[in-house]
Structure formats: structure tokens, C-alpha cells
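Q: Structure of the sequence below:
(chains A, B, C and D)
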There are 2 protein chains.
Amino acid sequence: MVASTLSEVARLAGVSPATASRVLNGSARKPGPDIAERVRSAAESLGYVPNAQAQALAKSSSGLIGLIVHDIADPYFAAIARGVQEAAREQGRMVLLATTAGAPADEREAVAAFAARRADSIVIAGSRSARPEDRQGNAGLAAELDRYCRNGGQVAVVGHGVVGAASTEGYHVVTVPNEELAAKLAAELAASHHGHFVIIGGPAGLFTSDDRIRGFQRGLADTALPPAEIIRTEFTRSGGFDVGIALAARIKASQAAANTSGDTKRICIFAVNDVMAIGAAAALRAEGLRIPRDAIIAGFDDIESLRDFRPPLSTVHLPLEEIGRQATRRAGETAGENAVPPAITGHVTLRRSTEGAFPAP
Amino acid sequence: MVASTLSEVARLAGVSPATASRVLNGSARKPGPDIAERVRSAAESLGYVPNAQAQALAKSSSGLIGLIVHDIADPYFAAIARGVQEAAREQGRMVLLATTAGAPADEREAVAAFAARRADSIVIAGSRSARPEDRQGNAGLAAELDRYCRNGGQVAVVGHGVVGAASTEGYHVVTVPNEELAAKLAAELAASHHGHFVIIGGPAGLFTSDDRIRGFQRGLADTALPPAEIIRTEFTRSGGFDVGIALAARIKASQAAANTSGDTKRICIFAVNDVMAIGAAAALRAEGLRIPRDAIIAGFDDIESLRDFRPPLSTVHLPLEEIGRQATRRAGETAGENAVPPAITGHVTLRRSTEGAFPAP
DNA sequence: GTAAGGTGGGAAAGCGCATTCCCAGTGTCT
DNA sequence: AGACACTGGGAATGCGCTTTCCCACCTTAC
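A: Numbering: from 1, shown residues only, chains lettered A, B, ... in the order given. Here you go, the predicted model:
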């Protein structure tokens, strides 16, 4: 990558580099119109493209914002990324992307890389983890983030804060009311469903998953229902699918048993996120079961691809793009702005997958 | 963003900046082990993070790769982005993301921004356009790209080249055999379907769309079938949906007519990409029609979210991630490498949505 | 008419790093 | 023992830009 430089432009225009800089890259001082014109046309004829690296070096602000996601092709993260991208554009910044599959060690590396590039701010999406095997990784990540913040970087993390992160300055958490919403979902489901509840959760220690599980259980408890059974699996579609297969077997068995005794009670499945719910639902269908006839199911997030899933899946709507936007804005604020950060809100969205507590025959 | 610098580290370690640079940021010359250790521990205790901007400036190579997509939340682009990300990681580079909604003017801007950041290479995904209203935008984009290439940048564009781009050096096109595959799809469908064919296409002038339409028509012609009717709409789900609604009305009307006369002939719908196919299918369903009973339908791309769509959609599988990877690799090659670029191949994937030419009643 | 205050331009000092060049010290070959 | 190539370290230069400081010139006010 070679390209013409500012001084070349200046020389061609017959002015000093200082002047050329002032006219081309916005400064407080505006050179005279005739000179400005000369410089501009010189730049044009040379095909001058300012070197952002050098600019960043000189004024120590890179106009970069780092985004960390588990997987950019996951609709959940893709939606957040879209919001981030949008907000970044508003701020005139560019987005640096890193995908980490949720591994704290990789996340640490990504933060270091962002720091090296002197990104003005970093947005971390993706569930934080408190799993024992992630302890060390988390510690490293927290240390890296602290260092980044100490150096004046701004961090926004979606959901929960990083375990062990101690920074008070420049460290923002965009809180998502996972627990409350899960509780509300449980309450609404409990209002019409009177059978067994099963939660398909992620690995223990994943905050997002744990919060939603806790919330759901609380919601049941508030309705004086016994806690749901919890089955843990991976936080992915295939995790949901596996559990779905197991549940299908169980459902069939209980249907066979009930066949003689009389009424069948459907179970209600709550998967802690939509992709898991989709996996589970696909498994049930693959096993010849129908939703909501043989079981009802709900997810969480309301990802866009849910729109075309059949049956329409009940879920909790989260404004994913808005979350991305807000995280970006929070991290982009110049310290002074103390506008009250608008809280993230979601809402329960009941669809056909949880229809009819007692199925009309 | 302030941070400790290399000279601070050097001073603390009691060596010269040159030496510190050599030990910390890989150089041909390896300082002695004792010195190296001193430097390393000094760096550690200072929390030194090399300034990539400065490094880039000094060695004029930024380690950045720019990615341009229409919409990062679209599963098609998300899959490509995943591949790009992966390949970038292999190369030790970071991905800069820009989304443009396909507007050439925005794309030009993105290229300029990448050029400013001295990105080593740029990957452009997303259909190129030859629409008259994009003429000017395309010209600008082509000029910007030419300039970028002339300055030593590497460009890889997925599908078709940018209209008007003249660079021979550093300009790669990852060709996707849209036409051949569409022809093959048409042939396979024609083998068992004997009714009317309708193509839901994007705006005229969109290469991807036009190629697929042309290929499909050729495939029909090769089977001695009359060309399909073409309905153009937006290159999005909602475009597909709108057309789907219109088609549903037509199907119903023809069914009503056939009711008296006897046999009904289903139409076969080919949507030039999967999201449009999904939209159309959703519309048919919303109108009470069933696939493949009332119409059969096929898409193109085999995006990941198709997996959970019912009925399973026939489509043409494209190795999207691989496309992203390959584009990135091509753009990342240091000129010398003249490895034969492995061609992109896809294959027709028939699923239930096009099942049963003559439905068993 | 002169002093005070603008104005518009240039010179120069970095920003943080890589790298070339130089130099002192060590070892090897004849 | 002397010339020789190495080796490992430091000084200095420059990457492309911003920004302070400075200077010459022109206004304006008294």
C-alpha cells in the first residue's frame, strides 16, 4: 500500500504541509478560499487518500470500534452487529470484528488486538461465563480489559459484566432484564398450562442461561408451581436438538402410558434461547411429534429467523439491534455526557407454539 | 487512548528502543536471551501493548482486511462473513466491516475508508449491479477501486466484477457459477414438473439475479420447454412475499377454474435466492396454500436458516463460507503465489418443496 | 502615526514504531 | 599475531500526519 502523501499534495499546490492538512482534514483554522481550492484540486489530481493510521497516530484517536461476538453468522449476534454497525456509522467510526466462539482466551486476545489498534471503544456481546474451566480465561480477559480501560478505552458489555473486571471508568454494562422477562414468561405460561415444565438450559455458569433459568423458576414459584426440571446442554441449536430427541422419547412413552389411563398432559418446554428452542422443536418434529399438540415450547430472544419458523414460536422479544446500538453509544460517549441510559426492555410474545393449555379435542 | 510506549519499556529495561522493538515485535535479529528476558518483563510490568497504528505506519502494512456486505444480518452475508473472518484469522489479520445496503455510493465510501486505513485487502460481497440508476455510483466505485489497486491494494469481489473496474493487478473475482447451476436446477425440475414455470427475480440489472434467471431459462430451453414467466421484485424476503401474495391469488383462481374442468396443474416457482423463496413460501402459506400440494418452489444459495424452514426448500447449495474464505485468501496472496484458484462449485439440492410432479392424490 | 490586536501562512516538533547504518567486541583462519 | 568476518547492541532516520509555535502582514483604534 503506497499512496500519495499530504506533503506531495502540498508541494503540488505550492503550500506547506500544515496548510494542506488544514484544508483537507478539517481543522479549526480555515485557510483562504483560493489556497483551499488549489490544495483541493491538487489532492484530487493526485488521488490523495489520507492515511488514517498516521492521523490516528498524530491525534491519538483511531475512529475504530471493536466488536466481539461468538459467531457472526448466529442470528442473535448478527442482529446485534447490525445495531452496532449502525451506531458506529452515526459516530463516523468503523467496526473491527472479532469472533471468539465465546472462549475467554480468544476474547482476551481480541481485546488485546483492539487495544493494539487503539480502538476507541470495544463492545462485547455474548454471554459471560462463570464456569470453573473459564476462570483463568476470565481473569486474563478481565485484566486485559482493565488495562484497556485504564488507558482510556471505553468498554460496553451486553448482559453481564465480565467476571473480575474492576474498572469503574469507561466500563459500561448494558443490562438485559433476562431474569424478569423469564419470570414473566413463566407466569404467562403457567396461567394456562397445567402440566410439567422442562427447561432446556445452557451449561451451568453461563450468565444469560442461568439468569433466564432462575427467572423462569421464580415465575413458576410465584404462581405456586413446583420448579421445572432443568436439562443442561450446549447453548446452540444442536444442543437443543439433542435434548429435544430425548424429550421426544419421554413424551412418547408417557403418551403410550396415558393412552390406557385417559388424559395426556403435555409438557411445556422452555429453551433459554431461540436457537435452542428451534433445535428442540426440530427434534420433536423429526420424531413425529407435533407442537403444540404433543408439547408446547417457548424460546427467548425473538431472533429474526423465527419469523419463518413453524409453528410460530413463543418467545421473549428482545430489541437486539437496539441493544447493539445502545452498547455502541454508551461506549462512544465522551465522558461528559451523563444522559440517563435508556433501559433495555423486552416483552413476552406468545405465539402458537404454546397455544391451548388444555387442547380442545 | 494512552498507553505505555516502546521507549518506556526500553528505558525500564535499560536497553535501546531498537533492541526492545527487536525482542517484542519479532524481527530477524534476536537479541541475547538475558536481554530479551529483561525487556519482556519490563513490558509485562508496564502492560505494554504495541501500537499497531504506529507499526503499520512504520512498515506500511496494516494487517487489516475490509469486508463490504449489504447487510450483516442477512444469513447469506453472515455466512460469507464467517468465512472471511476465518481466513483473516489464518492470515493474522483483522476484519473491518462495512454494510452498504448495496448502494454503490456507500460502497465507494467504504472503499475509501478502507483505503484510508490502508487495509491490505478488500473483499466485496453482494451482487453487483448494472442498473441505470447505479451507473454513476458504479463509476465512482470503480474509480475508487482502481485507485486502491493502483496503490497496491488487493481486491476480491464475489460473483461479478464491479462494472467499469479496469484494474488488472490486485483485482480478483471469485466466480460463482450462478448460470450453470440455475440451468441445472431448471433441468432437474423440468424432468418431473410439467406445468407452468414462474421466476421471481430481483431488479433487472442485478447480476446475480440476471445470471440465475438466464441460466434457468436456458435450462428450460435445453429441455425444449418454453421460457418461464419472470416477475421482478426486490431482492429481499419482503419482495418475495409480495410476489407470493400475487401468485397465491392466481393459483386460487386457476384452481377454482380447474375444479370444474378436472386436473389442476401446479405452477413451479423459482426464486432467485433463498430469502425471496422463503418470503414467497410464507405468502402462499399465509394465503392458505400448501407447498408442494398447490405449488412447488425452489430457491438458491442454501442458506443455513433454510434448515429449519418447512417444507424443506429445494435450492442450489453454494459453499458460502468457502466463498468468503477463498475471496479472502485470493486477496491476501502475496503476488507471487500463482496457485490455481480452486473454482467454486455448488450443487442442486432437491427437497420436499418441489416434490412429486404429479401429486399422488 | 504608532501600538495593539488579528489573520493567514510556514517551520518544526512530535505521535510510536521499524529499520538501516554504524560501532565495539568476539572469535576464526592463515 | 594480524586480518577477517561475525555478532549483538545503539543512534538516528523516517513512516504521514497534526499541532503548537512563530512570524510577517494587515487592520483597527487611539
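Q: pLDDT averaged over stretch A:106-125 - what is it?
A: Summarised as a single mean, pLDDT over stretch A:106-125 is 93.
Q: Actually, stretch A:88-98.
A: Stretch A:88-98 comes out with an average pLDDT of 93.
Q: for chain A, which helix is longest?
A: Counting by DSSP state H, the longest helix found in chain A is helix A:237-261.
Q: counting contacts, what elements does it pack onto?
A: Counting contacts by 3 or more CB pairs under 8 Å, 6 or more residues apart in numbering or on different chains; DSSP states H and E, helix A:237-261 is packed against strand A:197-201, strand A:229-232, strand A:267-271, helix A:274-286. C-betas here are computed from N, CA, C, even on glycine.
Q: Mean pLDDT and distance to DNA strand D for those - can I get that in JSON lines?
A: Below are the helices and strands packed on helix A:237-261 laid out as JSON lines (pLDDT from 0 to 100; distance: least, CB to the nearest atom of the strand, whole Å):
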{"stretch": "strand A:197-201", "mean pLDDT": "97", "distance to DNA strand D": "51"}
{"stretch": "strand A:229-232", "mean pLDDT": "97", "distance to DNA strand D": "52"}
{"stretch": "strand A:267-271", "mean pLDDT": "96", "distance to DNA strand D": "51"}
{"stretch": "helix A:274-286", "mean pLDDT": "97", "distance to DNA strand D": "45"}
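Q: near DNA strand C, which residues of chain A?
A: Residues of chain A lying near DNA strand C by CB under 7 Å from any atom of the strand: A:14-19, A:29-32, A:34-35, A:54, A:57-58, A:60.
Q: Stretch A:89-106 near chain B anywhere?
A: Yes: applying CB under 8 Å from any CB of the partner chain, one finds that stretch A:89-106 is in contact with chain B at A:94-99.
Q: Identify those among the residues of chain A next to DNA strand C that sit within strands.
A: Within the residues of chain A next to DNA strand C, no residue falls in strands by DSSP state E.
Q: Which one, of the helices and strands packed on helix A:237-261, ends up nearest to A:Leu181?
A: Closest to A:Leu181 of these, according to CB to CB: strand A:267-271, at 11.8 Å.
Q: Okay, whichever residue of the stretch 151-300 of chain A sits closest to DNA strand D and A:Arg330: tell me how far apart.
A: For the stretch 151-300 of chain A, the residue closest to DNA strand D is A:Gly152, as judged by CB to the nearest atom of the strand, at 15.7 Å. A:Gly152 sits 16 Å away from A:Arg330, going by CB to CB, to the nearest Å.
Q: of these two, who's got more company?
A: Using other CB atoms under 10 Å in any protein chain shown, the more surrounded residue of A:Gly152 and A:Arg330 is A:Arg330, with 21 against 16.
Q: Might you report the residue contacts of the more buried one?
A: The neighbours of A:Arg330, taking CB atoms under 8 Å, 6 or more residues apart in numbering or on different chains as the test, are A:154, A:156, A:172, A:174, A:341.
Q: any idea how far it is from A:Val158?
A: Distance from A:Arg330 to A:Val158, counting by CB to CB: 10 Å.
Q: Check A:His193 too.
A: Distance of A:His193 to A:Val158, given as CB to CB: 31 Å.
Q: Could you verify my assumption that A:Asn120 touches A:Ser60?
A: No, residue A:120 isn't Asn; it's Asp. No: the pair A:Asp120 / A:Ser60 is not scored as a contact, 9.9 Å apart, by CB atoms under 8 Å.
Q: So the two - more neighbours on which side?
A: More crowded of A:Asp120 and A:Ser60, by other CB under 10 Å: A:Asp120, with 22 against 15.
Q: what's the distance between the more buried one and A:Val95?
A: From A:Asp120 to A:Val95 the distance is 11 Å (CB to CB).
Q: List the residues that are in contact with both of those two.
A: A:64-65.
Q: Regarding stretch A:285-301, how distant is the last residue from the first?
A: Taking CA to CA, to the nearest Å as the measure, stretch A:285-301 stretches 22 Å from start to finish.
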